[in-house]
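Student: Turn this into a model:
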Amino acid sequence: MHTPPTPPPRRPDAGLRSGSTPPGPNKIRETRPAATPPAPSAQQIADMTATARQLAGAHQEQNPKNLRYIASTRQATLAATTPSRPVGDASVYVIQMEGDFQRHVRHAKEPLRGTSMLILIDAETGQVTDWSISAQPFDLRELGQTVPL
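Tutor: Down below sits the predicted model:
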């Protein structure tokens with residue numbers, strides 16, 4: 001009786017970023033543009049505010065100011081703020097706030113500093129997908145009207 005050879009172990013897609021997981025066998029990566037999410041519920045607003053304050057505190061700012069959000073998509077937001085273009089898209093709430101943020105980076109003598117923090121939160125899961133610290137607030141007018149948190 002002949003037994004077929006054992007297939008090689010499945011390796012993660014070489015194009016995945018560190019910390020990413022490949023989609024399951026029945027999952028197809030979303031490549032269609034996402035839609036702007038609806039206005040968040042009161043609970044989502046409370047959760048977004050708590051997340052923003054927690055990230056600010058983790059970056060040495062205990063009293064962030066001018067917290068505001070806008071409903072958008074991840075691709076549209078990143079196109080307006082960075083050269084990054086991730087695969088796929090998602091409906092997100094974009095939070096921008098001001099303060100004195102610091103991030104200590106391994107192998108750097110001085111911490112990275114900025115006066116603006118941008119956070120993207122997946123509208124469906126409530127998870128932070130991206131965040132950044134910058135010297136100036138981003139002009140988000142092309143994404144729509146910001147709303148205070």
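Student: Quick one: residues contacting Gln54.
Tutor: Contacts for Gln54 (C-beta atoms under 8 Å, 6 or more residues apart in numbering) come out as none. Just so you know, the C-beta spots here come from the backbone N, C-alpha and C atoms, and that holds for glycine as well.
Student: Let me know the average pLDDT across the helix or strand harbouring it.
Tutor: In this assignment (DSSP states H and E), Gln54 forms part of helix 42-58. Averaged over helix 42-58, pLDDT sits at 97.
Student: buried stuff in that helix?
Tutor: Gln44, Met48, Thr51, Ala52, Arg53, Leu55, Ala56 (16 or more other C-beta atoms under 10 Å).
Student: hang on, Ala80 is in a strand, isn't it?
Tutor: No: remark: Ala80 does not belong to a strand; assigned using DSSP: H, G, I helix; E, B strand; the rest coil, it is helix.
Student: where exactly do the strands run in the chain?
Tutor: 65-73, 91-103, 112-122, 128-134, 147-148 (DSSP state E).
Student: export the ones you listed to a markdown table and tack on mean pLDDT and mean neighbour count?
Tutor: Listed next are the strands of the chain as a markdown table, based on pLDDT from 0 to 100; neighbours: other C-beta atoms under 10 Å:
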| stretch | mean pLDDT | mean neighbour count |
| --- | --- | --- |
| strand 65-73 | 97 | 18 |
| strand 91-103 | 97 | 21 |
| strand 112-122 | 96 | 19 |
| strand 128-134 | 93 | 17 |
| strand 147-148 | 96 | 10 |
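Student: who does the closest residue to Leu143 other than its chain neighbours bridge with?
Tutor: In space, and not counting its chain neighbours, Leu143 is closest to Ser72: 4.6 Å by C-beta to C-beta, 6 or more residues apart in numbering. Here Ser72 sits in beta bridges with Val92, going by DSSP bridges.
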